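Chemist: structure, please.
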Amino acid sequence: MDAAVRILYLEDDAADARLIREQLRRSDLDGAFVVVSNREAFETALSHGDFDLVLSDYHLPDFTGLEALELVRTSSPQTPFILVTGALPDEQAVELLRRGATDVVLKDRLARLAPAIERALSERIVRRLHEEVQARLGEAQGLSKLAAEAARMGIWRLDVTSGALDCSEQFLTLIGVNREDWQGTVDALEALVHPEDTENFRRFLRGDADSGRQFMELEFRILKPDDGVRWMQSRGDRLLEAGAAPTTFFGVMLDITEQKQTEQTLRDAHQRKDEFLAMLAHELRNPLAPISNGLTVLRRSTLQSPESERVHAMLGRQMNHMIRLLDDLLDVSRVTLGKIDLKRAPVALQTVVQSALEMNRALVERSGHQLHVSIRSEPIMVDADSVRLTQVLSNLLSNAVKYTKDKGQIWITVKAENERALISVRDTGVGIPEGMLVQVFDLFTQVEGSDRLGSAGLGVGLAMVRLLVELHGGSVEARSAGPGRGSEFVVSLPLAVRQSMFAETGTLASAITPFLPRRRVLVVDDNRDAADSLGMLLEVAGADARVVYNGPAALEALPTYCPQVVLLDVGMPGMDGYSVARRIREDPRYRRVALIALTGFGQEQDRLRSLSAGFDHHLTKPADLNVLERLFAKLESTVQD
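Modeler: You can find the predicted model right below:
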């Protein structure tokens, strides 16, 4: 490139900016850089400068690379925009490309940057050729040829009427055809197109041409004799020649096989991740089921002491907390994208503090810290998901414990001020450098030196804190006087409307009201503890429960026991629950038996599989007594008498 490329570079790290400029100089890319480090300077530069290219980091103090991309697409839609960042989840990279980013280059792979810039600039030149070709077609073709060769693009020109397809040498190289063998027609190219893509290809080069559309774009596969299947991307503009009908298209084609392979790799990895998490959640639910069932049975006693009631209440809260966290393992992409389903209700912050203290009490005592809690006795109510808010405070408290030397001081202060609830967690720990007070909330970020106490984590906790607080309409701020001088995290949440209307509830019922009098319920599960505890729970609820531990035993019990409801685990070895359900549905004698799948698998495809096998309902372990009661009430009119 002869002229210096005008580059606007958004980067708040001066060392990184120098490194990247040096990398581009070594790649013989002559760039005239304007480097800015914040949103205000970036917006000013965009409004006053005419840039060939925009480079941007993703993580910035006052906004993100996605926001920078949206500003560029609004003010200068045709300007190439390349993200240059240290680390970025695959899902975010795909979202940026979908929103219009030209490319994403990681800072540990800077060798890709110069070729990415050359391709981006070449594409921009090609797209601008349409305006110039009206007056100087010959000159425009020459320029586009140079641009295409620089980016390894093939140039083509299609006459819709005759079907003639003129193309450059690079175009022929892409499709693996020698010039002497090229017939110069659309049919010659179509003969190389993958059979599954032929229909779209015809619509692209024939149907779209006849429709009067100005711009055409298509991705399709080519069968190359020497190189197998290759993915191509072709884009074309209609030429509006003076005094002639618009029957000619001019465009470019490039090989995108590596991009497609990368996308497939990401999809495969995402699927494997989902499968692993689903299996992990299933395996963790299995031991939780008998614990939850046993706890519910213990609560039936009407002779509990105040101490046992408090213990049961504490165990119940922690059990519910674990179950809710397991639910999110089944769809981790929701968490990554911030799509967590909050179960909001009026919550007293006193209860949230109590739960967080219970979760971290052993850790605090083991470290010998002095913990000071300041909160008024009158309820401070917020509209929130109590489990998620407890997770926020628990993360902040556990961080304070981990990053404070033994026998330190930790303060938790909760107050209401200016229609906001303020939660402060302050410590005498390692502190935070001034430059990290904002970045500390970024995913996988570690404060330098925080590992000296041997407690460094993955850098996920504070990122989840910010995400959950913002989902509640709040904000979180980190404060510190510097390294070694402690830190403070302040969460601000809107107060609930008309707090005086809310009263705290939540005392546990000491006995279970029978809701299954004389119902015959067959429990089938290879996990004996889970099966036996669920059987006891059902008997406490008034049912006549029988327990078996495998599929053949369940089928053998049907004729003699005649159950009205079957609670059936689907993941049993040998004959699984799906096979048992199908066998039951095949016998007309049991057509009115209610089949309920009870399993650790809870994704949508698992529910659909259960319904297709003949189940009436699909529940995830551990079984919730209230859910079972509502479900049995619905089945009342359908089970056998």
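
Chemist: where are the low-confidence patches of the stretch 251-400 of the chain?
Modeler: Flagging of the stretch 251-400 of the chain using pLDDT under 70 yields the residue ranges 270, 273-340.

Chemist: which strand residues bridge residue 106?
Modeler: When bridges are assigned using DSSP bridges, the partners listed for residue 106 are residue 85.

Chemist: need the contact list for it.
Modeler: When contacts are counted by C-beta atoms under 8 Å, 6 or more residues apart in numbering, residue 106 is found next to 85, 86, 87, 88. Where C-beta positions appear, they are placed from N, C-alpha and C, glycine not excepted.

Chemist: swap in residue 194?
Modeler: Residues counted as contacts of residue 194 (C-beta under 8 Å, 6+ apart) are 220, 221, 222, 223, 229.

Chemist: which among those count as buried?
Modeler: Neighbour-count burial (16 or more other C-beta atoms under 10 Å) applied to the contacts of residue 194 gives 220, 221, 222, 223.

Chemist: residues contacting the last one?
Modeler: I take that to be residue 223. Under the criterion of C-beta under 8 Å, 6+ apart, the contact partners of residue 223 comprise 192, 193, 194, 229.

Chemist: next helix or strand past the helix-or-strand element of the chain with minimal mean pLDDT?
Modeler: For the chain, counting by mean pLDDT, DSSP states H and E, helix 332-336 ranks last in confidence among helices and strands (a mean of 50). Moving toward the C-terminus from helix 332-336, the next helix or strand (DSSP states H and E) is strand 345-348.

Chemist: quick one: contacts of that following strand?
Modeler: 379, 380, 381, 382, 383, 384, 385, 386, 389, 496, 502, 504.

Chemist: what about the strands in the stretch 351-500 of the chain?
Modeler: According to DSSP state E, counting those that start in this stretch, the stretch 351-500 of the chain carries its strands in the segments 370-375, 381-384, 409-417, 420-427, 475-479, 487-494.

Chemist: with respect to residue 26, which of these lies nearest?
Modeler: Nearest to residue 26 among the strands of the stretch 351-500 of the chain is strand 475-479; the distance by C-beta to C-beta comes to 38.1 Å.

Chemist: return the set of buried residues in the closest one.
Modeler: Result for strand 475-479 [16+ other C-beta under 10 Å]: buried residues 476, 478.

Chemist: residues touching residue 549, list them.
Modeler: Contact analysis of residue 549 by C-beta under 8 Å, 6+ apart lists 524, 525, 526, 528, 531.

Chemist: show me the two of those that sit farthest apart.
Modeler: Looking at these by C-beta to C-beta, the two members farthest from one another are 524 and 528, with 11.6 Å of separation.

Chemist: compare these two (neighbour count), which wins?
Modeler: In terms of neighbours (other C-beta atoms under 10 Å), residue 524 is the more surrounded of residue 524 and residue 528; the figures are 25 against 11.

Chemist: just to revisit the earlier point, and of the contacts of strand 345-348, the nearest to residue 122?
Modeler: residue 385 (49.9 Å).

Chemist: follow-up on the earlier one: among the contacts of strand 345-348, which one lies nearest to residue 156?
Modeler: Using C-beta to C-beta, residue 385 is the member of the contacts of strand 345-348 that lies nearest residue 156, at 56.0 Å.

Chemist: who are the neighbours in contact with that closest one?
Modeler: In this structure, residue 385 makes contact with 342, 343, 344, 345, 347, 472, judged by C-beta under 8 Å, 6+ apart.

Chemist: quick one: neighbours of the fifth one, just the number.
Modeler: The burial count assigned to residue 347 is 24, neighbours taken as other C-beta under 10 Å.

Chemist: the third one now?
Modeler: Residues within reach of residue 344, counting by other C-beta under 10 Å, total 16.

Chemist: ditto for residue 416
Modeler: Other residues within reach of residue 416 by the criterion other C-beta under 10 Å amount to 16.

Chemist: residues contacting the closest residue to it other than its chain neighbours?
Modeler: Once its chain neighbours are removed from consideration, residue 416 has its nearest residue in residue 380; the separation is 5.2 Å (C-beta to C-beta, 6 or more residues apart in numbering). For residue 380, the set of contacting residues under the criterion of C-beta under 8 Å, 6+ apart consists of 348, 349, 350, 414, 415, 416, 421, 495, 499.

Chemist: how far away is residue 359 from residue 462?
Modeler: Residue 359 sits at a distance of 17 Å from residue 462 (criterion: C-beta to C-beta, to the nearest Å).

Chemist: residue 224 now?
Modeler: Using C-beta to C-beta, which is the criterion applied here, residue 224 is 50 Å from residue 462.

Chemist: neighbour-wise, which of those two wins?
Modeler: For residue 224 and residue 462, the more surrounded residue by other C-beta under 10 Å is residue 462, and the numbers stand at 21 against 15.

Chemist: tell me which residues touch the spatially closest residue to that one that is not a sequence neighbour, please.
Modeler: Excluding the flanking residues, the one nearest residue 462 by C-beta to C-beta, 6+ apart is residue 441, at 5.1 Å. If you count contacts by C-beta under 8 Å, 6+ apart, residue 441 has them with 462, 463, 465, 466, 476, 478.

Chemist: pull up the pairing partners for the biggest strand by length in the chain, direction included.
Modeler: Counting residues, the longest strand in the chain under DSSP state E turns out to be strand 228-239. According to DSSP bridges, strand 228-239 forms sheet pairs with strand 215-224 (antiparallel), strand 248-255 (antiparallel).

Chemist: about what we covered before: of the contacts of residue 441, just say which sits nearest to residue 109.
Modeler: residue 463 (23.6 Å).
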